[in-house]
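In: Build me a model from this:
(chains A and B)
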Amino acid sequence: MSPPASAAPYVTVRDLRRVFDVSKPWLNRMLEGGEKQFLTAVDDISFEIARGETFALVGESGSGKSTVARMVVGLLPPTAGEVTITGISMSSAAASAERQRMRRRIQMIFQDPYASLNPRWRVDRIVAEPIRAFDLIKEERAIVARVGELLTLVGLHPDDGKKYPHEFSGGQRQRIAIARALASNAEFIVCDEPTSALDVSVQAQILNLMRDLQDRLGLTYLFISHNLAVVRHMATRIGVMYLGRIVEISGGHELFAAPKHPYTRMLLDAVPDLGMTGKQRVPVQGEIPNPIDPPSGCTFNPRCPYANDRCRRETPPLNEGVACHAVHERRIDIPRAA
Amino acid sequence: MTQPVLSVRDLRVEFVTRRGVLKAIDGVSFDIAPGEVLGVVGESGAGKSVTGSAVIGLIDPPGRIAGGEVWLSEQRIDNLSPEEMRRIRGKRIGMIFQDPLTSLNPLYRVGEQLVETIQTHTDLSAAAARRRAIELLTEVGIPAPERRIDGYPHEFSGGMRQRVVIALALCAEPELIIADEPTTALDVSVQAQIISLLQRLGREHGTAIMLVTHDMGVIAETADRVAVMYAGRIAEIGPVQDVVQNPLHPYARGLMGAIPTLAQDASRLVQIPGSMPRLSAIPPGCPFNPRCPHAWDRCRIDRPEPIQHGAHKVACHLYDLNDPTAEAHKVLTHPPAEEGVPA
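Out: Numbering: from 1, shown residues only, chains lettered A, B, ... in the order given. The predicted structure is shown next:
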């Protein structure tokens, strides 16, 4: 369930928190009244990722999973807490030189391959950008060779480098994005919904490619997705997010065989799945509450069939991989992993 | 067999462009019985949404219905004037689209939109129409409908908005509802609520539902029958359980294997090489032949027509009993070169 004790975790996230100011403009507040409003997108999240594993964050929209991804790669400064990668803090000023070297090891793949590639650049320039930005290869001919190698690695032809992004389909574009991510010899790739814009047959190609690359290059993935089936296919460990918190964290197999948190159970029960033809199910009640004004105590309590007064008062800590009073108090059965 | 609510015969839809005529729908036929949910699946560009639009007569130029017939109960509707078609739309055919925010007018209260629709299609008085609107909101599961009816669309969450859109579609008690990706914009927990709502309404009102979506999971749980579309044609159509568990067409088989599911443990997904052809470059013969691991000479020349095979209808030469060579090609002799990482 937790990474092997012998090796230090590759990525450590400690008490990460991000608050957004969603107030109306100052003038409106002065004229119309109203307080400043804050939205806590990520609320004290901690997790570790071991080298070579795929850690997935799943959750519905608004659960804060993308915000975590952006903080981990450093696109967004955390309000509090810290991200440490191979022991180097990504926020403290002290380690700035080391951090700069670390940066090239971290890459990101985005959801929309139509928006993440510059439409006015040829593919070879897009893929070579990290090589040039980090000054990894000096000689121009060597860069061309390396780009050709990367394109072959992701299943494209070296000649494809002469084309523009619009000449490629969505799946091929995502391959280009992967080639770009690998160009700086990245070892840690943060993938934010990498296949949700793709058709299923293309999704299968990209997921298979990502796993093959992981086997060959020993990559570590942080995989963000709302699709539980995809996560099950990809992840070695999974964190389930709800309204900015991790409510359950466990090994991939275990989470699906024996979900503990009532939200995880509800989610697993709600997903339409190929294996479920003809099955009737109890529909889930309610929707995610407004994150600007989240419920007190456990944020899941209004939708939870097991909620009691304590749940409405106290925020449950993440203990034994699950943040739920009812589970901690043994008020609900914990299914055993098959 | 009972009279189908919707009967589509050899439908063809073309888009005339500068580069020539593109065939978006090429000879599609299917029926939907009363109370039945027909799922239409396919990847983007397969023509599933265009099929839905063609049925309700919402193909905009340069698109046009180039052939075939669409029958709603006993009336042929593909050749009606726009004015006649407008009266059928909303009254006899209800529509639900993907994004509930674009289906609702943001400037009008939800109740006003419902009342307007009800009064357009029935001769109820304003007060009676409002009572009916509240009934409908109750039916689609909106809590406190007496109060919510005076809310504006932006005051509703995504799932609640989609419920309002469903209520709108139900206003005139249509015989047929066309739902185009009704749950795609919603979160999974909400998606499940909308699916069971659609199922219940279909059962209780005997409404036929044509459910267009790319999500096989949704189809597997909701539909009675499913049509798998590829490049503007139906590759396979049959009872949902059969098609999901025992797909016949090589494309349908690849598609089912490509979908990661919760039921089985993570292993390698089936991979269909390549991608759907562009409309401007649909290969001759079977449109799937360049990606098909079974394809032989005949598939590259001769277009397969749907063949009845058990409960399925499948457009594939492999199941042609009159072709003595077909059986031999069912065995994979030359698996396609795998795309991706070269070994």
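
In: Give me the buried positions along the helix or strand where residue A:150 lies.
Out: Applying DSSP states H and E as the criterion places residue A:150 in helix A:140-153. Using 16 or more other C-beta atoms under 10 Å in any protein chain shown as the test for burial, helix A:140-153 gives A:143, A:146, A:147, A:148, A:150, A:151, A:153. Every C-beta, even on glycine, is put in place using the N, C-alpha and C of the backbone.

In: Filtering the residues you listed by proximity to chain B, which remain?
Out: Checking these against chain B by C-beta under 8 Å from any C-beta of the partner chain, the ones in range are residue A:153.

In: Low-confidence ranges, chain A, go.
Out: For chain A, the stretches with pLDDT under 70 are A:1-7, A:93-94, A:275-284, A:335-338.

In: what residue is smack in the middle of it?
Out: residue A:224 (2.7 Å; C-alpha atoms, centre = their mean).

In: hang on, it is in a strand, isn't it?
Out: Yes. Under DSSP: H, G, I helix; E, B strand; the rest coil, residue A:224 falls within a strand.

In: what bridges to it?
Out: For residue A:224, the beta-bridge partners are residue A:57, residue A:192 (DSSP bridges).

In: Who are the contact partners of it?
Out: A:56, A:57, A:65, A:66, A:68, A:69, A:190, A:191, A:192, A:193 (C-beta atoms under 8 Å, 6 or more residues apart in numbering or on different chains).

In: Check the gap between it and chain B for me.
Out: According to C-beta to the nearest C-beta, to the nearest Å, residue A:224 and chain B sit 15 Å apart.

In: which stretches of the chain form strands?
Out: No chain in the question, so chain A it is. A:11-21, A:38-49, A:54-58, A:80-85, A:88-89, A:106-109, A:188-192, A:220-225, A:237-242, A:245-251 (DSSP state E).

In: actually it's chain B I care about, not the one you picked
Out: Using DSSP E, strands in chain B cover B:6-17, B:20-32, B:37-41, B:63-72, B:75-76, B:93-96, B:176-180, B:208-212, B:225-230, B:233-239, B:307-309, B:312-314.

In: From the centroid of chain B, which residue is nearest?
Out: residue B:212 (2.3 Å).

In: Just grab the bridge partners of it for me.
Out: Beta bridges link residue B:212 to residue B:40, residue B:180, judged by DSSP bridges.

In: Return the distance of it relative to residue B:278.
Out: For residue B:212, the distance to residue B:278 equals 21 Å [C-beta to C-beta, to the nearest Å].

In: before we move on, what about residue A:189?
Out: Applying C-beta to C-beta to residue A:189 and residue B:278 gives a distance of 31 Å.

In: of these two, who's got more company?
Out: The neighbour count for residue A:189 versus residue B:278, taken as other C-beta atoms under 10 Å in any protein chain shown, is higher for residue A:189 (25 against 11).

In: and the more buried one, what does it touch?
Out: Contacts for residue A:189 (C-beta under 8 Å, 6+ apart) come out as A:106, A:107, A:108, A:109, A:181, A:219, A:220, A:221, A:222.

In: Would you mind confirming that the last one makes contact with residue A:231?
Out: Spelled out, it's residue A:222. No. Applying C-beta atoms under 8 Å, one finds residue A:222 not in contact with residue A:231, separated by 11.9 Å.

In: who touches both of these two?
Out: residue A:56.

In: who's more crowded, those two?
Out: Per other C-beta under 10 Å, whichever of residue A:222 and residue A:231 has more neighbours is residue A:222, with 28 against 24.

In: roughly how far apart are the more buried one and residue A:304?
Out: 28 Å.

In: do the same with residue B:138
Out: Distance from residue B:138 to residue A:304, by C-beta to C-beta: 25 Å.

In: Who has more neighbours out of those two?
Out: residue A:304 (22 against 14).

In: picking up where we left off before, which stretch among the strands of chain B approaches residue A:97 most closely?
Out: Among the strands of chain B, strand B:37-41 comes nearest to residue A:97, with 53.4 Å by C-beta to C-beta.

In: other SSEs contacting that closest one?
Out: helix B:48-55, helix B:188-205, strand B:208-212, helix B:216-222, strand B:225-230 (3 or more C-beta pairs under 8 Å, 6 or more residues apart in numbering or on different chains; DSSP states H and E).

In: right, so of these, which gets closest to residue A:299?
Out: helix B:188-205 (14.2 Å).

In: residues of that closest one that come out buried?
Out: For helix B:188-205, by 16+ other C-beta under 10 Å, it's B:188-199, B:201-202, B:205.

In: Run through the residues that contact the residue nearest to the centre of chain B.
Out: Here residue B:212 is in contact with B:39, B:40, B:48, B:49, B:51, B:52, B:178, B:179, B:180, B:181 (criterion: C-beta under 8 Å, 6+ apart).

In: Correct me if wrong: the first one contacts residue B:240.
Out: Yes. The pair formed by residue B:39 and residue B:240 meets the contact definition of C-beta under 8 Å, at 6.5 Å.

In: Pull up the overlap in contacts between those two.
Out: What both residue B:39 and residue B:240 touch, as defined by C-beta under 8 Å, 6+ apart, is the set B:219, B:223, B:225, B:226.

In: Tell me how many other residues surround the third one.
Out: The burial count assigned to residue B:225 is 23, neighbours taken as other C-beta under 10 Å.

In: Residue A:200 and residue B:251, how far apart?
Out: From residue A:200 to residue B:251 the distance is 12 Å (C-beta to C-beta).

In: Which of these two has more residues huddled nearby?
Out: For the pair residue A:200 and residue B:251, the greater number of neighbours falls to residue B:251 (28 against 23), based on other C-beta under 10 Å.

In: Might one say that the more buried one is in contact with residue B:235?
Out: Yes. With contact defined as C-beta under 8 Å, residue B:251 counts as touching residue B:235 (5.0 Å).

In: intersection of neighbour lists for these two?
Out: Common neighbours of residue B:251 and residue B:235 (criterion: C-beta under 8 Å, 6+ apart): B:228, B:288.
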